[in-house]
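Peer 1: Compute the structure for the input listed below.
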Amino acid sequence: MIESILIVAGRYLVELITLLIVANILMSWFNPSPDNPIVKLIYGLTEPILSPLRRFAVIGPIDFSGIAAVVLLQFIIYPLYQMLIKAIF
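Peer 2: As a prediction, this is how the structure comes out:
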């Protein structure tokens, strides 16, 4: 029971972070006002995830850190989280 609740909660968290990263990527194309509170919130929540990846995921003028973060979340971090929860419970 608690195992399935934690797995579903983890999935929702991963989906929320993915959605915020996609919003960050889209905002970088349109360059909204940095004084907007929603823009500040999205950048504040996603930059701690994206900034370490920029060292490895920037090729020339193209920043692939958003794609790298989504791939890491969806295919590495979440499956490891699932295995950990199943091992504990």
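Peer 1: Show residues contacting the helix or strand in which M83 is found.
Peer 2: Following DSSP states H and E, one finds M83 within helix 78-88. Contacts with helix 78-88, where a contact means CB atoms under 8 Å, 6 or more residues apart in numbering, come from E3, L6, I7, G10, R11, V14. (C-beta placed from N, C-alpha, C; glycine too.)
Peer 1: swap in stretch 9-21?
Peer 2: Residues contacting stretch 9-21 (CB under 8 Å, 6+ apart): 42, 45-46, 49-50, 66, 69-70, 73-74, 77-78, 81-82, 85.
Peer 1: Now the buried members of those residues.
Peer 2: I42, T46, I49, L50, G66, A69, V70, L73, Y78, Y81, I85 (16 or more other CB atoms under 10 Å).
Peer 1: for the first one, what are its contacts?
Peer 2: By CB under 8 Å, 6+ apart, the contact list for I42 reads L20, A23, N24, M27.
Peer 1: now do the third one
Peer 2: In this structure, I49 makes contact with I17, I21, A69, judged by CB under 8 Å, 6+ apart.
Peer 1: Secondary structure class of the second one, three-state.
Peer 2: Per DSSP: H, G, I helix; E, B strand; the rest coil, the secondary structure class of I21 is helix.
Peer 1: and the gap between it and L50?
Peer 2: Counting by CB to CB, to the nearest Å, the separation of I21 from L50 is 7 Å.
Peer 1: try the last one
Peer 2: Here the distance between A69 and L50 works out to 6 Å (CB to CB).
Peer 1: and if you look at S28?
Peer 2: With CB to CB as the criterion, S28 and L50 are 10 Å apart.
Peer 1: Not counting residues beside it along the chain, what's closest to I2?
Peer 2: Counting by CB to CB, 6 or more residues apart in numbering, I2 lies nearest to F89, which is 6.1 Å off, once chain neighbours are set aside.
Peer 1: how many neighbours does the one you found have?
Peer 2: For F89, the number of neighbouring residues by other CB atoms under 10 Å comes to 11.
Peer 1: now I59
Peer 2: Neighbour tally, I59, other CB under 10 Å: 8.
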